[in-house]
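Asks: Below is the sequence, then the predicted model.
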Amino acid sequence: MNKYIFASFNKHKLIEISNQISNIDIQSLYDLGYTDEIIEFGSNLQENALIKARVIYDRYSIPCISDDTGLEVHALDNAPGVYSARYAGKNATAEDNVEKLLIQMKNIKDRRARFRTVICLKNSQEEKFFEGVVEGVISDIAVGKSGFGYDPVFRPNGYSKTFSEMSLEEKNNISHRSRAVAKLVNYLSSQVLN
């Protein structure tokens, strides 16, 4: 079984990715005892994913998977985007970020938004990227108990529920991250066959 490090401290992301990949041994930063903060100074999702992958690969020389995800709201010029995790400030909670977004969206009719994930695969031969996108709208209020981040206010197109109202399986069938992971898995499978 191939071994990869998932370069994130976000346990929710690790669970989502691990549920989709069965033939790969994915170790978290927690498994390795890695506790240093990785500074994300990139100007876009791809740059941040690459920064994380390079830091961890350079430290352990084990193939690495990293991601960066952003919520892009049309009426806010694609904000919060690359700053999604710290939209309400450096030490803000997910609830703080959601609250700031809802305040900014008050009285805005155009609720279109999209979640975008960029996954970076880094090994000794390459740095490869896989993107997943899901289009939707921002709800007027936070709804639902599951998920994380902006899930309580993001309702994907074609659904009457927010991501937070969906089961993990239901969300993984359509989410931005699952779409990016599916592309990664297809790529890794094709490499094994070649």
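Replies: Looks like it arrived, so ask away.

Asks: Checking residue 67 next. Helix, strand or coil?
Replies: When classified by DSSP: H, G, I helix; E, B strand; the rest coil, residue 67 comes out as strand.

Asks: Give the bridge partners for it, please.
Replies: The residues listed as beta-bridge partners of residue 67 by DSSP bridges are residue 119.

Asks: Tell me the first helix or strand C-terminal of the lowest-mean-pLDDT helix or strand in the chain.
Replies: Lowest mean confidence among the helices and strands of the chain (mean pLDDT, DSSP states H and E): helix 11-20, at a mean of 81. As assigned by DSSP states H and E, the chain's next helix or strand after helix 11-20 is strand 24-28.

Asks: That following strand pairs with which strands, parallel or anti?
Replies: strand 2-6 (parallel).

Asks: And the helices in the protein, which stretches?
Replies: Listed in chain order, the helices of the chain (DSSP state H) span 11-20, 29-32, 45-60, 94-105, 168-172, 176-193.

Asks: elements contacting the fourth one?
Replies: Put plainly, it is helix 94-105. With contacts defined as 3 or more C-beta pairs under 8 Å, 6 or more residues apart in numbering; DSSP states H and E, the packing partners of helix 94-105 are strand 64-73, strand 127-138. For glycine as for every other residue, the C-beta is placed from the backbone atoms N, C-alpha and C.

Asks: dump the residue contacts of the residue nearest the centre of the chain.
Replies: Among the residues of the chain, the one closest to the centroid is residue 69, at 3.7 Å (C-alpha atoms, centre = their mean). Residues in contact with residue 69, defined by C-beta atoms under 8 Å, 6 or more residues apart in numbering, are 13, 45, 84, 115-118, 149, 176-177.

Asks: And those, which of them are buried?
Replies: The neighbour-count test (16 or more other C-beta atoms under 10 Å) applied to these identifies 13, 45, 84, 115-118, 149, 176-177 as buried.

Asks: So for the residues you listed, which is the shakiest by pLDDT?
Replies: The member of those with the lowest pLDDT is residue 13, at 83.

Asks: you'd agree that one is up against residue 67?
Replies: Yes - Residue 13 is in contact with residue 67 according to C-beta atoms under 8 Å; the separation is 6.6 Å.

Asks: Give me the nearest residue to residue 118, chain neighbours excluded.
Replies: On the basis of C-beta to C-beta, 6 or more residues apart in numbering, the spatially nearest residue to residue 118 that is not a chain neighbour turns out to be residue 45, at 4.2 Å.

Asks: What distance do you get for the closest residue to residue 42 other than its chain neighbours to residue 110?
Replies: In space, not counting the residues next to it along the chain, residue 42 is nearest to residue 48; the distance is 4.0 Å by C-beta to C-beta, 6+ apart. Using C-beta to C-beta, to the nearest Å, one obtains 27 Å as the distance from residue 48 to residue 110.
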